[in-house]
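In: just to be clear, the model below is a prediction. Sequence and coordinates:
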Amino acid sequence: MSRTLAGACVVAMIGCGGGGSPIEPPPPPPPASVLTTVHVDPSVTVYNTPPGNVFALTVALRDQNNVAYTGATSKSFSSSSTAVVTVSGDGTLTGVTVGIAQVTVTVQAGSVTRSATTIVTVQEPAAVASVETHEVRFEPLAVHIIRGGSVTWLIGRQGNPIGHNVTFATSGAPVNIPRTEGGALISLLFPTAGSFAYECTLHAGMTGTVHVH
């Protein structure tokens, strides 16, 4: 082989071996998750006597990418007026007297501290309440009345053939309301304190509760 031919082969080999793309460095790791926002129920209503005077706050934490944050080291709660509502270390509210108070949750995550507030209204239960049937649900799902108060059910709609009943599952409740339709109004008195669950046995999952204070 001549020197010229050998040189050409070497040049060709070098060209083939060095013509590829350079290796890209790996991308930098994403920034660490940082506690950015604290969300809590914006407003809460509880009552001044049981049942219904206890409420558990829901606190949601988000990082700078609006992703759920799980690195909190501590949570603390405080009430602006413990005479109106108290709050435990796990965020459980207890209504004490009628009034309005502000409850603050403070979250610590390393060197970062964030907080949020909710307005809590403590009120007395009413003497009367109303429940309507909307297709296959009771609205509202729960009502609060004083002992000796009454609840009125609007059952069905005029011209609507869907019928419902009100069947209680709790001892001490008043008599059940049989299948009714056509927009009938039926009232029941509740002389005993307690929580009285009921359902429409004609439609699965159609339930409600009467809380009597």
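Out: Thanks, I have the structure now.
In: quick check, central residue of this protein?
Out: Nearest to the mean C-alpha position of the chain, by C-alpha atoms, centre = their mean, lies T58 at 6.3 Å.
In: how far away is that residue from A169?
Out: 27 Å (C-beta to C-beta, to the nearest Å). No exception for glycine: its C-beta is placed from N, CA and C like everyone else's.
In: domains for this structure, by residue range?
Out: 35-123, 126-212 (automatic domain parsing).
In: P27: which of those is closest?
Out: Closest to P27 of those is domain 35-123 (C-beta to C-beta; 16.4 Å).
In: mind checking the end-to-end distance for the closest one?
Out: Terminal residues of domain 35-123 are spaced 35 Å apart (C-alpha to C-alpha, to the nearest Å).
In: picking that back up, TSV please, covering the domains of the chain and showing mean pLDDT.
Out: As requested, those are exported to TSV (pLDDT from 0 to 100):
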stretch	mean pLDDT
domain 35-123	96
domain 126-212	95
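In: you'd agree T133 is up against H164?
Out: Yes - taking contacts as C-beta atoms under 8 Å, T133 lies within contact range of H164: 5.0 Å.
In: hey, what's in contact with both of these two?
Out: Counting by C-beta atoms under 8 Å, 6 or more residues apart in numbering, the common neighbours of T133 and H164 are I155, G156, C200.
In: about what we covered before: dump the domains of the chain to a markdown table, plus distance to S21.
Out: A markdown table is the format used below for the domains of the chain (distance: least, C-beta to C-beta, whole Å):
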| stretch | distance to S21 |
| --- | --- |
| domain 35-123 | 32 |
| domain 126-212 | 61 |
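In: what about F196, distance to V112?
Out: F196 sits at a distance of 46 Å from V112 (criterion: C-beta to C-beta).
In: who has more neighbours, those two?
Out: Per other C-beta atoms under 10 Å, whichever of F196 and V112 has more neighbours is F196, with 22 against 14.
In: can you tell me the SS state at that one?
Out: strand (DSSP: H, G, I helix; E, B strand; the rest coil).
In: now P26
Out: Looking at P26 with three-state DSSP, the answer is coil.
In: how near is it to N65?
Out: Counting by C-beta to C-beta, the gap from P26 to N65 is 21 Å.
In: show me which of these two is the more surrounded one.
Out: Set side by side, P26 and N65 show more neighbours around N65, with 11 against 6, by other C-beta under 10 Å.
In: any idea how far the closest residue to the more buried one other than its chain neighbours lies from S115?
Out: Take N65 and drop its neighbours on the chain: the residue closest to it by C-beta to C-beta, 6 or more residues apart in numbering is S33, 7.6 Å away. For S33, the distance to S115 equals 19 Å [C-beta to C-beta].
In: higher neighbour count, the two?
Out: Higher neighbour count among S33 and S115: S33, with 16 against 13, using other C-beta under 10 Å.
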